[in-house]
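> Give me the fold of what follows.
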Amino acid sequence: MKLRIAWAILPILLLAPSCGGKADRRGIDLALTLAPATVTDSLFLKLDFDFKTAADFRKLDPGCRIFVHFWRMNSKEMLLQDDHLPVKDTGAWAANDRVHYSRTVFIPQFLNEFDVDFEGYEEIKLSVGLYKPGSQEKPIALFEKKLNVQPASINAPEIVYDEGWNEIETDANAPEPFTKSWRWTTARSVCVIENPKKECTLLIKGGVNKSVLADQKLTLKLNGALLEEFVPDALFTREYTVTPEMMGNAEEFTLEFLCDKVFTPNKISPDSKDNRELGMQLFFLYFREKVK
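Got it, this is the predicted structure:
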């Protein structure tokens, strides 16, 4: 089953918990498995859904959605959600049925491990169930679990922005969460990454200025070997599986960003005082052990 990644935080569905008594699950049971088992922030988390219906299952309306809500326990705020339609329409579910699929969500970076009150983790609550959009019926709660989320630094390989990088820039009003901060490369920019010596996922979200360099070519090298060479779109995403062989035996390896063309803003616009050499924008760089 192909994994689906939830990038955006969707509008919040407020759920009223049932008062007293055992929740009515309509003859539905949900087993939900998380991978990896140790949850940190700045992490892609795989959710494996396994719905089973019993002999006493009561038929559902078509078009019911699955709600997946991660709540911060202390602040009572929604951290993220991944409401979605199941792979099989709920109107077609039957007694003694099974609906099984996987999705992937991104746990954003939200922990401040330098806060004097930070205790090394934050407790969040994961709630999952069914609801019919526009209906006055109560949602059907199927799963709830409390998770202790640790900082990514606990087990994420360290990434050092070594040669050829400009300083971080931010735009709090950017419409997409992954474009709120970025670094510009130069013609050659290098990251030095701690070698976990395990199969990992490398994900890059970047951008180029097509109005200035329409045919700019980007070359990516990992440990000096060609990873990919391409002409990127104005906004682009690249995902790679990096094997231990590709990273080598040393304690660190390099990831290079090479732009065949660069520009200087004050040479493009007379009003600009920006004399930096700019290649591409790096919005997001993710490197973690591959979720199986």
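> Contacts for the longest strand along the chain, please.
Using DSSP state E, we find that the single longest strand of the chain is strand 181-194. Residues outside strand 181-194 that contact it (C-beta atoms under 8 Å, 6 or more residues apart in numbering): 157-171, 207, 251-259, 262, 276-283, 285, 287. Using the backbone N, CA and C atoms, a C-beta is placed for each residue, glycine as well.
> contacting residues around residue 49?
Counted by C-beta under 8 Å, 6+ apart, residue 49 has contacts 30, 32, 66, 86, 99, 100, 101, 102, 103, 128.
> Quick check: the farthest pair among those?
Within these, 100 and 128 form the most distant pair, 14.3 Å apart (C-beta to C-beta).
> Between the two, tell me which one has more neighbours.
Legend: neighbour count by other C-beta atoms under 10 Å for residue 100 and residue 128, higher for residue 128 (18 against 14).
> buried stuff in the helix or strand hosting that one?
Using DSSP states H and E, residue 128 falls within strand 122-131. Judged by neighbour count (16 or more other C-beta atoms under 10 Å), strand 122-131 contains these buried residues: 122, 124, 126, 127, 128, 129, 130, 131.
> And the furthest pair within those residues?
The largest distance within the buried residues of strand 122-131, taken as C-beta to C-beta, falls between 122 and 130 and amounts to 27.6 Å.
> helices and strands of the protein: which one has the lowest mean pLDDT?
When the helices and strands of the chain are scored by mean pLDDT, DSSP states H and E, strand 5-6 comes last with a mean of 44.
> hey, what's the residue most central in space within the chain bridged with?
Closest residue to the average C-alpha location of the chain: residue 106 at 2.6 Å, with C-alpha atoms, centre = their mean. Beta-bridge pairing for residue 106 (DSSP bridges): residue 44.
> Renumber starting at 401 from here on
Shifting the count to begin at 401 puts that one at residue 506.
> wait, doesn't it sit right on residue 444?
Yes - with contact defined as C-beta atoms under 8 Å, residue 506 reaches residue 444; the gap is 5.5 Å.
> State the pLDDT value of residue 641.
pLDDT recorded at residue 641 is 97.
> swap that for residue 416, sorry
For residue 416, the pLDDT comes out at 38.
> in the protein, which ranges drop under the pLDDT threshold?
401-422 (pLDDT under 70).
> show me where the stretch 501-650 of the chain has strands.
Using DSSP state E, counting those that start in this stretch, the strands of the stretch 501-650 of the chain run over residues 522-531, 540-549, 559-565, 569-570, 581-594, 600-607, 618-622, 625-630, 635-642.
> do you know which of those strands lies nearest residue 668?
For residue 668, the closest of the strands of the stretch 501-650 of the chain is strand 581-594, at 13.8 Å, according to C-beta to C-beta.
> now the angle from that closest one to strand 635-642?
10 degrees (axes from the mean of the first three to the mean of the last three C-alpha atoms, to 10 degrees).
> in strand 581-594, what's buried?
582, 583, 584, 585, 586, 589, 590, 591, 593.
> can you tell me which of these lies nearest to residue 455?
Checking those against residue 455 by C-beta to C-beta gives residue 593 as the nearest, at 52.9 Å.
> For the closest one, give the beta-bridge partners.
residue 559, residue 653.
> roughly how far apart are it and residue 651?
Look at residue 593 and residue 651: by C-beta to C-beta, to the nearest Å, they are 10 Å apart.
> Contact partners for the closest residue to residue 629 other than its chain neighbours?
Nearest non-adjacent residue to residue 629, counting by C-beta to C-beta, 6 or more residues apart in numbering: residue 619, 4.6 Å away. By C-beta under 8 Å, 6+ apart, the contact set of residue 619 is 626, 628, 629, 656, 657, 658, 659, 660.
> Would you mind naming the residues that bridge with the first one?
Using DSSP bridges, the bridge partners assigned to residue 626 are residue 621.
> count of residues packed around it?
Using other C-beta under 10 Å, residue 626 has 11 neighbouring residues.
> can you check residue 618 too?
22.
> For residue 512, see how far away residue 518 is.
The spacing between residue 518 and residue 512, counted by C-beta to C-beta, is 6 Å.
> Would you double-check that residue 676 falls in a helix?
No - with DSSP: H, G, I helix; E, B strand; the rest coil as the criterion, residue 676 is coil rather than part of a helix.
> ok, the residue lying closest to it once chain neighbours are set aside - contacts?
Spatial nearest neighbour of residue 676, excluding adjacent residues (C-beta to C-beta, 6+ apart): residue 566 at 5.6 Å. Residues counted as contacts of residue 566 (C-beta under 8 Å, 6+ apart) are 583, 584, 585, 586, 676, 678.
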